[in-house]
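In: Any chance you can model this:
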Amino acid sequence: MSVAFTKEDSAETAAETILPERVISPHPNLVTQTGLEALERELADARAAHDAANAIEDVNERRRQTAGPARDIRYLAERLRTADVRPDPASHDVVAFGSTVRFEREDGRVQTYRIVGEDEADPKAGTISYVSPVARALIGKAVGDAVSLGGQELEILAIS
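Out: Residues are numbered from 1 along each chain as shown. I've put the predicted structure just below:
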């Protein structure tokens with residue numbers, strides 16, 4: 001009976017430790033300097049979590065606890081390896097990668113976003129990925145330009 005329990009426990013542990021890889025975007029890995037530093041911090045945190053999990057004595061629990069950090073380490077190492085750090089825009093004449101753009105929607109809402117790399121994008125924090133539909137519509141446009149997006153019009157109010 002204990003052998004059957006061990007096999008079942010091992011099967012459960014195996015299922016919990018074989019996690020799908022984090023998806024690597026097919027787009028160029030453009031990052032700001034801030035984004036690069038965030039990736040480096042995340043990698044250090046993942047390595048620390050992996051090291052802490054490796055100290056767990058129970059082999060099944062150790063496998064469960066190291067699976068996530070190991071996957072994150074592989075992902076973050078690859079993102080750092082392929083990072084193409086872009087300087088802040090030299091001009092604020094047109095929207096570019098790294099620009100902060102304030103625009104108004106047809107319904108009167110005014111929004112401000114900084115256009116950044118995919119890994120650093122967080123719309124709630126005011127950043128959007130350069131491959132997002134909004135960013136793609138705005139890049140290359142100037143103050144006063146209007147773009148159509150999803151049946152709405154956006155007018156660029158400021159670029160910084």
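In: Could you list the domains of the protein?
Out: 2-85, 100-159 (automatic domain parsing).
In: Residue 92 is nearest to which of the ones you listed?
Out: Closest to residue 92 of those is domain 100-159 (Cβ to Cβ; 4.7 Å). Bear in mind the C-beta positions are built from the backbone N, C-alpha and C, glycine included.
In: Off-centre distance for that closest one?
Out: With Cα atoms, centre = their mean, to the nearest Å as the basis, domain 100-159 stands 18 Å off its chain's centre.
In: and if you look at stretch 36-43?
Out: 11 Å.
In: Remind me what the helix or strand where residue 66 lies packs against, helices and strands.
Out: Applying DSSP states H and E as the criterion places residue 66 in helix 59-81. With contacts taken as 3 or more Cβ pairs under 8 Å, 6 or more residues apart in numbering; DSSP states H and E, helix 59-81 sits against helix 2-17, helix 33-54.
In: What helices and strands are in contact with the helix or strand that the first one is followed by?
Out: The element immediately downstream of helix 2-17 (helix or strand, assigned by DSSP H and E) is strand 30-31. Using 3+ Cβ pairs under 8 Å, 6+ apart as the contact criterion, the elements in contact with strand 30-31 are strand 84-85.
In: pLDDT of the strand it packs on, averaged?
Out: Mean per-residue pLDDT for strand 84-85: 98.
In: One more: stretch 145-155?
Out: pLDDT averaged over stretch 145-155 gives 94.
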